[in-house]
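Participant: Have a look at this prediction, sequence included:
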Amino acid sequence: MKLLLDTHALIWAMTSPGKLSRRAARTIADDRNTIQVSAASVWEIATKVRLGKLQEAEALERVFLDAVGVAGYVVLAIEATTALRAGRLTADHRDPFDRMIAAQALDEDIRVVSRDTKLDLFGVRRIW
């Protein structure tokens, strides 16, 4: 099964796996699953680290691409059609990173690993 990690799930999987729910941790660890990471999460992490809002991810941000590769995760690029979809989503949720992750999950028809119940507003299938 293909899965898309929300940004916090990605950070926790890489730095603090104990913060993941048991189900999320099992699902991420299952070798039969393909774990994807949105380019939006890469952007979000770099931006928030630069602004001093995500200190727990500073070390991860410095080695991000290598760490993701070692973990076997796949970075999911942002397509123009997906960007349009993200902008057109009508749910009342203003976070642009969450909107992009939701749009990618809908476009790819994959589940999102996230504790964020606000993603449910977009109709994504969420695992937590």
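Facilitator: Structure's in. What do you need?
Participant: residues in contact with Ile45?
Facilitator: Applying C-beta atoms under 8 Å, 6 or more residues apart in numbering to Ile45 gives the contacts 7, 10-11, 54, 57, 60-61, 64. Quick note: C-beta positions are derived from backbone N, CA and C, even for glycine.
Participant: Check the gap between it and Ser38 for me.
Facilitator: 11 Å (C-beta to C-beta, to the nearest Å).
Participant: between the contacts of Ile45, which is closest to Met1?
Facilitator: Set against Met1, the nearest of the contacts of Ile45 by C-beta to C-beta is Leu10 (17.1 Å).
Participant: what residues are up against that closest one?
Facilitator: So, once contact is read as C-beta under 8 Å, 6+ apart, Leu10 ends up touching 37, 41, 45, 73.
Participant: What ranges does the protein have for its strands?
Facilitator: With DSSP state E as the criterion, the chain has strands at 2-5, 34-38, 74-76, 111-113, 126-127.
Participant: returning to that earlier point: list only those of the contacts of Leu10 flagged as buried.
Facilitator: Taking 16 or more other C-beta atoms under 10 Å as the criterion, what is buried in those is 37, 41, 45, 73.
Participant: With adjacent residues omitted, what lies nearest to the second one?
Facilitator: The reference is to Ser41. Excluding the flanking residues, the one nearest Ser41 by C-beta to C-beta, 6 or more residues apart in numbering is Thr7, at 4.2 Å.
Participant: All the helices of this protein, residue numbers only.
Facilitator: With DSSP state H, the ranges of helices along the chain come out as 7-15, 22-29, 39-50, 58-62, 64-71, 80-88, 96-108.
Participant: Farthest pair within the buried ones among the contacts of Leu10?
Facilitator: Between any two of the buried ones among the contacts of Leu10 (C-beta to C-beta), the greatest distance is 13.1 Å, for Ile45 and Tyr73.
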